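**Q** Give me a model of this one.
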Amino acid sequence: MEERGCEPDIVSYSTIIDSLCKETLVVDARKHFSEMISRGIAPNVVTYTSLIHGVCNLGQWQEATRLMDQMLSKGVFPDVFTFNVLVDTLCKEGMVVEAKSVVQMMIQRNIEPVTITYNSLMDGYCMRGEMDEARQVFDLMIRRGSMVDVQSCSILINGYCKAKEVNKANKIFKKMRRMELVPDTVTYTSLIDGFCKAGRIQEAVELFSKMHGCGHLQNLQTGS
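**A** Residues are numbered from 1 along each chain as shown. Sure thing, here's the model as predicted:
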């Protein structure tokens, strides 16, 4: 670019950093990040979000939070995409308390959490077996109106099944119809697995037949 007399700008740097991060070439992305700063080109929210997403994909949540702090110190304010990436990563690391703090920070900054934000938080609670907390998030989404989607229900159903609370999972499944949400293969598979592990084979078979009757492809693994 420079050989042709063109100087890289914030857009070109942000584009290359985003591309490198998507290819998990975060070390190279960091080099370009440092280079742009040394050239006096200040990273913007897009640049930081790309880099945060990159380190999060490598499980480097500490580096992600450090970058977030750096953003704020430079007067660059995270947007909903930045926050969503951080919430998702913290939840996958089992750090749900920290993820909830990030959500609260969003609200304090007048950035409204979206369905993806709450789904990540709910999934984090489910992975820890904290189903009461997961249900509170689900109910909050309902109260806020039209925030619950099929993935929200699938997450909660799967969580209940893993916690051996199949009746509660089945209630959410039935609630989906009233909410005009159509279960997908993931939803059916989670509940079928829950019925099987609870020894409720007849109900599993009936749900399996219903799944095929609705046009879903088989997505079940045979196992012990």
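
**Q** Show me the shaky parts of this protein.
**A** The model of the chain has pLDDT under 70 over residues 1-6, 216-224.

**Q** Helices of that one, start to end?
**A** Under the criterion DSSP state H, the chain contains helices at 10-22, 26-38, 45-57, 61-73, 80-92, 96-108, 115-127, 131-143, 150-162, 166-178, 185-197, 201-213.

**Q** residues in contact with the third one?
**A** When you say that, I think you mean helix 45-57. With CB atoms under 8 Å, 6 or more residues apart in numbering as the test, helix 45-57 has contacts from 10, 13-14, 17-18, 20-22, 24, 26, 29-30, 33, 36, 43, 61, 63-64, 67-68, 70-71, 76-79, 81-82, 85-86, 88-89. Every residue, glycine included, has its C-beta placed from N, CA and C.

**Q** What's the ChimeraX line that selects buried ones from these?
**A** Buried subset of these, written as a ChimeraX selection, criterion 16 or more other CB atoms under 10 Å:
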select :13,14,17,18,20,21,26,29,30,33,36,43,61,63,64,67,68,71,76,78,81,82,85,86,88,89
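
**Q** quick one: the closest residue to residue 161 other than its chain neighbours and residue 164, what's the gap?
**A** In space, and not counting its chain neighbours, residue 161 is closest to residue 194: 3.0 Å by CB to CB, 6 or more residues apart in numbering. As judged by CB to CB, to the nearest Å, residue 194 and residue 164 stand 8 Å apart.

**Q** neighbour-wise, which of the two wins?
**A** Taking other CB atoms under 10 Å, residue 194 and residue 164 do not tie; residue 194 has more neighbours (27 against 13).

**Q** which residues touch that one?
**A** 157, 160, 161, 162, 166, 169.

**Q** same thing but 7 Å
**A** When contacts are counted by CB atoms under 7 Å, 6 or more residues apart in numbering, residue 194 touches 161, 166, 169.

**Q** In the residues you listed, which residue is surrounded by the most others?
**A** residue 169 (26 neighbours).

**Q** Does that one touch residue 163 like I think?
**A** No - counting by CB atoms under 7 Å, residue 169 does not reach residue 163; the two are 8.8 Å apart.

**Q** How about the contacts made by residue 105?
**A** Contacts of residue 105 (CB under 7 Å, 6+ apart): none.

**Q** ok, it to residue 95 distance?
**A** Separation of residue 105 from residue 95 (CB to CB): 14 Å.

**Q** again, but for residue 11
**A** With distances taken as CB to CB, residue 11 is found 34 Å from residue 95.

**Q** Neighbour count: those two, which is higher?
**A** residue 95 (17 against 11).

**Q** Please name the nearest non-neighbouring residue to the more buried one.
**A** Computed as CB to CB, 6+ apart, the closest residue to residue 95 that is not its neighbour in sequence is residue 61, at 7.0 Å.

**Q** who touches the one you found in this structure?
**A** Contact analysis of residue 61 by CB under 7 Å, 6+ apart lists 89, 90, 93.

**Q** and if we set it to 10 Å?
**A** Going by CB atoms under 10 Å, 6 or more residues apart in numbering, residue 61 touches 52, 55, 86, 89, 90, 92, 93, 95, 98, 99.
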